[in-house]
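>>> No sequence on hand, only this structure:
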């Protein structure tokens, strides 16, 4: 996860075993959804990861 303003990495999300191929941000809730080449989808809370 990158901070747009400081251009720095603030968190590395770990859990997929292959490359992440899709990322979606919920427009109202603090949720990030990632999809991976390993066939899994993960849901992350963007304040706790």
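Nice, I can see it. Note that the coordinates shown come from a computational prediction; the quantities given were computed from them, not determined experimentally. Numbering: from 1, shown residues only.

>>> residues contacting residue 33?
Shown in contact with residue 33 (Cβ atoms under 8 Å, 6 or more residues apart in numbering): 23, 24, 25, 26, 41, 42, 43, 44. (Each C-beta comes from the backbone N, C-alpha and C, glycine too.)

>>> Output the residues you listed as TSV; include the columns neighbour count and distance to residue 1.
Formatted as TSV, these follow (neighbours: other Cβ atoms under 10 Å; distance: Cβ to Cβ, whole Å):
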residue	neighbour count	distance to residue 1
23	12	10
24	12	14
25	10	11
26	11	14
41	11	17
42	14	13
43	10	14
44	17	9
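
>>> now, which of these lie within strands?
23, 24, 25, 41, 42, 43, 44 (DSSP state E).

>>> Return the closest of those with respect to residue 35.
Proximity of the ones in strands among the contacts of residue 33 to residue 35 (Cβ to Cβ) peaks at residue 41, which lies at 5.0 Å.

>>> surely that closest one meets residue 23?
No: the pair residue 41 / residue 23 is not scored as a contact, 10.9 Å apart, by Cβ atoms under 8 Å.

>>> Kindly point out which residues are neighbours of both of the two.
33, 34, 35.

>>> The helix or strand the second one falls within pairs with which strands, parallel or anti?
Applying DSSP states H and E as the criterion places residue 34 in strand 31-36. Next to strand 31-36 in the sheet, as set by DSSP bridges, lie strand 20-25 (antiparallel), strand 41-45 (antiparallel).

>>> Tell me how far residue 29 lies from residue 45.
9 Å (Cβ to Cβ, to the nearest Å).

>>> Counting neighbours, which bits of the strand holding residue 34 end up buried?
Neighbour-count burial for strand 31-36, counted by 16 or more other Cβ atoms under 10 Å, picks out 32, 34, 36.

>>> which among those gets closest to residue 3?
residue 32 (14.2 Å).

>>> Bridged to the closest one, which residues?
residue 25, residue 44.
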